[in-house]
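1. give me coordinates for this.
(2 chains)
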Number of protein chains: 2
Amino acid sequence: MSLIVQKFGGSSVQSTERVIRVAERVVATRQAGHDVVVVVSAIGDTTDDLLELAGQVSPEPVPRELDMLLSAGERISNALMAMAIEALGTPARSFSGAQAGIRTAATAGRARITEVRPDRVRQTLDRGAIAVVAGFQGVHMDEAGESTVTTLGRGGSDTTAVALAVALKADLCEIYTDVDGVYTADPRIVSDARLMEHVGYDVMRELAISGAKVLAPRSVEYAARHGIPVRVRSSYSAEPGTMVSGSAGAAHAEYSAVAGVAHDASKAKTTLCGVPGSPELTARILQVVAGIEAELHYSVLDASWTSRGRPDISLVLPAQDGPPVLRALREESAELGFEDLRYAERIGKVSLIGSSLLSQPGVLATCCETLAEAGVQLETISTSDIRFTALCPADQLTDAVRAWHAAFGLGAPELAVVHAGTGR
Amino acid sequence: MSLIVQKFGGSSVQSTERVIRVAERVVATRQAGHDVVVVVSAIGDTTDDLLELAGQVSPEPVPRELDMLLSAGERISNALMAMAIEALGTPARSFSGAQAGIRTAATAGRARITEVRPDRVRQTLDRGAIAVVAGFQGVHMDEAGESTVTTLGRGGSDTTAVALAVALKADLCEIYTDVDGVYTADPRIVSDARLMEHVGYDVMRELAISGAKVLAPRSVEYAARHGIPVRVRSSYSAEPGTMVSGSAGAAHAEYSAVAGVAHDASKAKTTLCGVPGSPELTARILQVVAGIEAELHYSVLDASWTSRGRPDISLVLPAQDGPPVLRALREESAELGFEDLRYAERIGKVSLIGSSLLSQPGVLATCCETLAEAGVQLETISTSDIRFTALCPADQLTDAVRAWHAAFGLGAPELAVVHAGTGR
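-> Next up is the predicted model:
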């Protein structure tokens, strides 16, 4: 008898009819002899709907109150799931994040988990019942023992599932979603994208960071740190999906370096042109955008139009953070001393994920050549041993993804050895 | 500086636009120099919508899970209200029922409040902020200190408001609703129904028990027990509404006995005909319907068709409880020994509320005469010193209400002395 944590995302519980289907699936796992902990996201678009309500009553909702508001979404799906399981004759018990012992730091909106005390969940399992836990939420306890509801940010339910799996020493954490698993590229863009049977934590983390939406990056890091195997699979089929575990790098380096291509169309780019190139000023720029998830790119693109070859510094950031960041940078313009400030509302970002990428100089050359052949204007490329990320105009992004996917033979069945890992 | 608890019902927070209006009202009270605690119900039809979802996943939802589900409704309105107040520049902080210290018994669905520990609410007021508390919900703590979310049943937000007012020793509890206050009868039925400026706890409790929906009976009892004045007023106007406080009976007996007419169209009636008239069997009947809010009526209506004059026993109960009660009674029919079981899906119930009603024999006579004159078939009438309640066919109920209201001159301004209380 093993312990399995099963997480179901918003689309998996979109309607009460879907809730019942999921409940049947959970009960089947229980009847197969496993202990089951279910983690549910809010139904469908609940979170977005609640955010819209918040926007209607306040131009800038208090983060603490946003957490109280948003946490209601998972309490609803959570209680419905427990009812649906009980209606099938299997005992179940729902828990809020706080009741499940998900303790977090105080930061509202994207609180980090500091501790998990799953005593009540464990007791529920020991009584032979299924524990149903609200994803995405936790509780902060201050020194006086007072509790404040917190939320974990987008993708937080994945993190809830992995954190519970770690705390309960689960055998497996299953992430049920609306796709079949992890692909070598987004199958909506690349027609011959291939489902990966297995992918290492490191590759999965880079894919997630680079835009693959199937798993939240934090949850992959959490699972990797504690060695919890994670299976990504469809809630609409019985297919096994993709197993995320171990390291693909070391074991499979003999096959190939390249695992997949990820892309991200949700980013904007702001460029500070002609910045006095001091580390202090760079630090100051980072302070201005503190709290925003942003990547920093340095370049001296063309010394002819920047005076004295002063570098440009680009920030790639979530598109919705663009306007406030621009405002903040303009307010500090005297201190930051840049010559010009440019802004692209959308920028294409394509990433090649693999291992030992830098040990094979041909990989980088192929990346640049194929983009050029596909007519993609390469704005900048940053490299590490496990990921190359290129920026390009937003309207050339899909061309870039297809070019790389084809160039490294990721889709062709006869080149399956290129695949980062086939072992289990 | 006084402390005021203001409760806003579901229709008062129907839309985000209404939430903002309510927030403005709350802030105005704060700016007038009062400490303010706001209690909010779930937005509009949220509770009914959630109940419908529950019905879709389970034929008989687990009460504990229903509580978790329904409590989400008030968390949403609660957080939105706090955001809206903050957006007006006044500090506010929202609390769930548990965080506000509303401790209850374990009974799911209609938990009784056992204790209120409003420390965090008090601290919030002491910091000059407005405390916003989710109505209708509480928390049960078991011996191990584990918490379970509970709800207080229909009208529970009124009880939350009064309980907080008591615990905080508030000067006033205001119940904001979609009507102007408490009337001598339902103004939708009786065109000359009159708004009462003041009504005693005892009269208000009887009105509420008898079907006046403006205040939940439990909240009136709670307020009466602790002497907290309650003002019922409209959230759509600045009118003062109706003050509920003190006793109307003793002080105003010299004026008149009759205060108002209430009615209830939501009841069904089941009659056990020809019951062996033993107290043990009556107790047994009550056990069968235990947990249902029901009134018991005895009568020997017509000894000619009941064998040996055995009494009939009628149960008046919420219409939705009818079918399960019928089923339970049939299952016990051998033991209960009744000759026939009859059932009316709807029954009209009209009540005259006042004080010292039995000391004036003319009142009962007038009640019976006017019903007869109005063509209302009186099925049974039960009397106490503060309330006469008659049952009649459902389709004659409005005629009965109008007849009694007119007979006791409740609507006519020149007979205002009939009004139970004009003092404060």
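
2. which residues of the stretch 301-424 of chain A fall in strands?
-> Using DSSP state E, counting those that start in this stretch, the strands of the stretch 301-424 of chain A run over A:312-318, A:340-354, A:380-383, A:387-393.

3. select, out of those strands, the one closest to chain B.
-> strand A:312-318 (22.4 Å; C-beta to the nearest C-beta). No exception for glycine: its C-beta is placed from N, CA and C like everyone else's.

4. quick revisit: the strands of the stretch 301-424 of chain A: which one's closest to B:Ile43?
-> strand A:312-318 (30.1 Å; C-beta to C-beta).

5. elements contacting the closest one?
-> On a contact count with 3 or more C-beta pairs under 8 Å, 6 or more residues apart in numbering or on different chains; DSSP states H and E, strand A:312-318 meets strand A:258-273, helix A:279-288, strand A:295-299.

6. and with 10 Å instead?
-> strand A:258-273, helix A:279-288, strand A:295-299, helix A:322-331, strand A:340-354, strand A:380-383, strand A:387-393 (3 or more C-beta pairs under 10 Å, 6 or more residues apart in numbering or on different chains; DSSP states H and E).

7. coming back round to it: output the strands of the stretch 301-424 of chain A as CSV; include the columns mean neighbour count and mean pLDDT.
-> Below are those laid out as CSV (neighbours: other C-beta atoms under 10 Å in any protein chain shown; pLDDT from 0 to 100):
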stretch, mean neighbour count, mean pLDDT
strand A:312-318, 21, 83
strand A:340-354, 21, 92
strand A:380-383, 16, 82
strand A:387-393, 22, 91
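
8. center of chain A - which residue?
-> Centroid check for chain A by C-alpha atoms, centre = their mean gives A:Ala216 as the closest residue, at 2.5 Å.

9. skip the chain neighbours and tell me the closest residue to that one.
-> A:Gly155 (2.6 Å; C-beta to C-beta, 6 or more residues apart in numbering or on different chains).

10. and the one you found, how many neighbours?
-> By the criterion of other C-beta atoms under 10 Å in any protein chain shown, A:Gly155 has 21 neighbours.

11. tell me the pLDDT at whichever residue of the stretch 251-400 of chain A sits closest to chain B?
-> Taking C-beta to the nearest C-beta as the measure, the stretch 251-400 of chain A has A:Pro324 as its residue closest to chain B, at 17.7 Å. A:Pro324 carries a pLDDT value of 83.

12. count of neighbours near it?
-> A:Pro324: 12 neighbours (other C-beta under 10 Å).

13. tell me who's in contact with it.
-> Taking C-beta atoms under 10 Å, 6 or more residues apart in numbering or on different chains, we find A:Pro324 in contact with A:Val289, A:Ile292, A:Leu317.

14. now render these as JSON lines, adding distance to B:Ala390.
-> Conversion of those to JSON lines gives the following (distance: C-beta to C-beta, whole Å):
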{"residue": "A:Val289", "distance to B:Ala390": "73"}
{"residue": "A:Ile292", "distance to B:Ala390": "70"}
{"residue": "A:Leu317", "distance to B:Ala390": "72"}
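
15. which non-adjacent residue is nearest A:Ala106?
-> Per C-beta to C-beta, 6+ apart, closest to A:Ala106 is A:His140, 4.7 Å.

16. ignore the last one, A:Gly246
-> Looking at A:Gly246 with C-beta to C-beta, 6+ apart, the closest residue is A:Gly200, at 5.6 Å.

17. same check, this time on A:Ala394
-> A:Arg346 (3.8 Å).

18. which residues of chain A score low on pLDDT?
-> Within chain A, the stretches with pLDDT under 70 are A:247-256, A:277-279, A:291, A:293-294, A:296-309, A:412-424.

19. tell me which helix or strand A:Pro240 sits in.
-> Per DSSP states H and E, A:Pro240 falls between elements, in no helix or strand.

20. so A:His405 is in contact with A:Ala259, correct?
-> No - with contact defined as C-beta atoms under 10 Å, A:His405 does not count as touching A:Ala259 (11.3 Å).

21. before we move on, back to that, please tell me how far the residue of the stretch 251-400 of chain A closest to chain B sits from A:Val288.
-> Shown here: A:Pro324 relative to A:Val288, a distance of 10 Å by C-beta to C-beta, to the nearest Å.

22. quick one on the thing from earlier: tell me who's in contact with the residue nearest to A:Ala216.
-> By C-beta under 10 Å, 6+ apart, the contact set of A:Gly155 is A:9, A:41, A:110, A:135-136, A:208, A:213, A:215-220.

23. what do you get for A:Leu66?
-> A:Leu50, A:Leu51, A:Ala54, A:Ser58, A:Ala108, A:Gly109, A:Thr151, B:Ala79, B:Leu80, B:Met83 are the contacts of A:Leu66 under C-beta under 10 Å, 6+ apart.
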